[in-house]
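**Student:** Test case, fold it:
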Amino acid sequence: MKGLVLESHGRRVTVRLKSGDQGKVQATLRGKIRLQNLKSTNPVCCGDVVDLCYQPITGDWTLEGVEERRNHMVRKATNLSKQTHALAANLDCVWVVCSLFEPKFSGGFVDRIALSAAAFDIPCRVILNKSDRWNEEARSVAEHWREVYAAAGIEIWFSSALNGDGVAELALAMNKGTQLLTGYSGAGKSSLINALFPGLQAATGAISEFSGKGTHTTTTATLYETGTQAAVIDSPGIKEWGILDLEPYEIAYHFPEIRKHSPRCHYPNCSHTHEPNCAVQEAVQEQRIYQERFVSYLSILANEDQYN
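**Tutor:** Residues are numbered from 1 along each chain as shown. Down below sits the predicted model:
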């Protein structure tokens, strides 16, 4: 029997059956599945379509196999680990939920997630939440970031879970397909999901006075079906995003503004870091490429963990 993974807790997964009237069931991963993908901390994740088997003697369900994914969002488990962690599979869009402050906006953090999404050919959009707190100066900063990412082909949406700003527009944009919402803890992701889809009751939390970042209220990724052909995945807040090992040319390719100018570089394998007659560096100097994005590119290229 086929099923859709709603949550994964190690060997135990919550699955919605795709036929019959039995609804959700708890299933246990077979050992062969856990051994098939030793490079991943979790061989099964939200959004996976899986094969299930019912054991009539014990009344238990076992997960026997995972269908091939059309895509997935994966990040390194830790900076020092060679393992990866899959957040979600079979996605139609990745939304990075941020705020200008509490916690402070980080372009470098957004760029790492956008790069990971691009590597798997998943559209990526950014939500700047908590717009109800903005004064005129803050809104000007938000508009600047919108221009920066528009030049990279990435849309930024403004929203407020508190006063409803932008909520109706976002709900309409998410009314079809499977959407992954990710970002820093404390950016208001779960509150926004509750505003977008009343009745889901995603867990919410507050900002830590000590760190200025959010407390972890979502402890595991959860898929909520919001329509007959629509779902949203609420993922745990994260402090950093470890990208997969990509070749330098792959990193440059997935920065659209760099890809646009790189054919005019003198050297075909130009890294855009030090080479003479580099069209990308020239475009940065002439402000045809935003400095913020180029700094992110250099940071990712150097495998640095600092976010600008």
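**Student:** Can you pull out the low-pLDDT segments for the protein?
**Tutor:** 20-22, 31-39, 77-82, 201-219, 239-240, 304-308 (pLDDT under 70).
**Student:** Phi, psi for the residue lying farthest from the centre of it please.
**Tutor:** For the chain, the residue at maximal distance from the C-alpha centroid (C-alpha atoms, centre = their mean) is residue 57, at 40.8 Å. When read as degrees, to the nearest 10, the backbone of residue 57 gives phi -70, psi -40.
**Student:** any idea how far it lies from residue 244?
**Tutor:** 42 Å (C-beta to C-beta, to the nearest Å). Bear in mind the C-beta positions are built from the backbone N, C-alpha and C, glycine included.
**Student:** Spatially nearest residue to residue 141 (excluding sequence neighbours)?
**Tutor:** Using C-beta to C-beta, 6 or more residues apart in numbering and skipping the chain neighbours, the partner closest in space to residue 141 is residue 100 (6.2 Å).
**Student:** residues contacting that neighbour?
**Tutor:** 128, 130, 133-134, 138, 141-142 (C-beta atoms under 8 Å, 6 or more residues apart in numbering).
**Student:** Go ahead and confirm residue 55 touches residue 64.
**Tutor:** No. With contact defined as C-beta atoms under 8 Å, residue 55 does not reach residue 64; the gap is 11.0 Å.
**Student:** Among those two, which residue is more densely surrounded?
**Tutor:** residue 64 (15 against 10; other C-beta atoms under 10 Å).
**Student:** Tell me the strands beside the helix or strand hosting the more buried one, with direction?
**Tutor:** If you go by DSSP states H and E, residue 64 is part of strand 60-66. Pairing partners of strand 60-66, with direction, according to DSSP bridges: strand 24-29 (parallel), strand 49-55 (antiparallel).
**Student:** Phi first, then psi, for the closest residue to residue 166 other than its chain neighbours.
**Tutor:** In space, and not counting its chain neighbours, residue 166 is closest to residue 159: 3.7 Å by C-beta to C-beta, 6+ apart. Reported as degrees, to the nearest 10, the phi and psi values for residue 159 are phi -160, psi 160.
**Student:** I'd like to know how far the residue nearest to residue 141 sits from residue 68.
**Tutor:** Note on residue 100: its distance to residue 68, by C-beta to C-beta, is 40 Å.
**Student:** pretty sure residue 143 is in a helix, no?
**Tutor:** Yes. Assessed with DSSP: H, G, I helix; E, B strand; the rest coil, residue 143 lies in a helix.
**Student:** Report how many residues lie close to it.
**Tutor:** Residue 143 has 13 neighbouring residues, counting by other C-beta under 10 Å.
**Student:** Residue 19 now?
**Tutor:** Residue neighbour count, defined by other C-beta under 10 Å, stands at 8 for residue 19.
**Student:** Start at 44, not 1
**Tutor:** Happy to do that; since the first residue is 44 now, the last one works out to residue 62.
**Student:** From residue 44, how far off is it?
**Tutor:** 7 Å.
**Student:** before we move on, what about residue 195?
**Tutor:** 43 Å.
**Student:** Comparing those two, which shows the higher neighbour count?
**Tutor:** residue 195 (22 against 16).
**Student:** May I ask you to confirm that that one is in contact with residue 297?
**Tutor:** No. Between residue 195 and residue 297 there is no contact under C-beta under 8 Å: 9.8 Å.
**Student:** which residues are common contacts for these two?
**Tutor:** Common neighbours of residue 195 and residue 297 (C-beta under 8 Å, 6+ apart) are residue 157.
**Student:** Which of the strands paired with strand 103-109 sits closest to residue 214?
**Tutor:** Closest to residue 214 of the strands paired with strand 103-109, according to C-beta to C-beta: strand 67-72, at 24.4 Å.
**Student:** Buried residues, that closest one. List them.
**Tutor:** Neighbour counts over strand 67-72 (16 or more other C-beta atoms under 10 Å) mark 68, 70, 72 as buried.
**Student:** I'd like the residues you listed as TSV, with distance to residue 337 appended.
**Tutor:** Below are the buried residues of strand 67-72 laid out as TSV (distance: C-beta to C-beta, whole Å):
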residue	distance to residue 337
68	50
70	47
72	43
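**Student:** now the helices for the stretch 244-351 of the chain?
**Tutor:** Counting by DSSP state H, counting those that start in this stretch, the stretch 244-351 of the chain has these helices, from start to end: 291-296, 299-304, 322-328, 334-344.
**Student:** I'd like the ones you listed laid out as CSV, including distance to residue 312.
**Tutor:** Formatted as CSV, those follow (distance: least, C-beta to C-beta, whole Å):
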stretch, distance to residue 312
helix 291-296, 7
helix 299-304, 14
helix 322-328, 13
helix 334-344, 13
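**Student:** Would you confirm that residue 341 contacts residue 316?
**Tutor:** Yes. Judged on C-beta under 8 Å, residue 341 makes contact with residue 316 at a distance of 6.6 Å.
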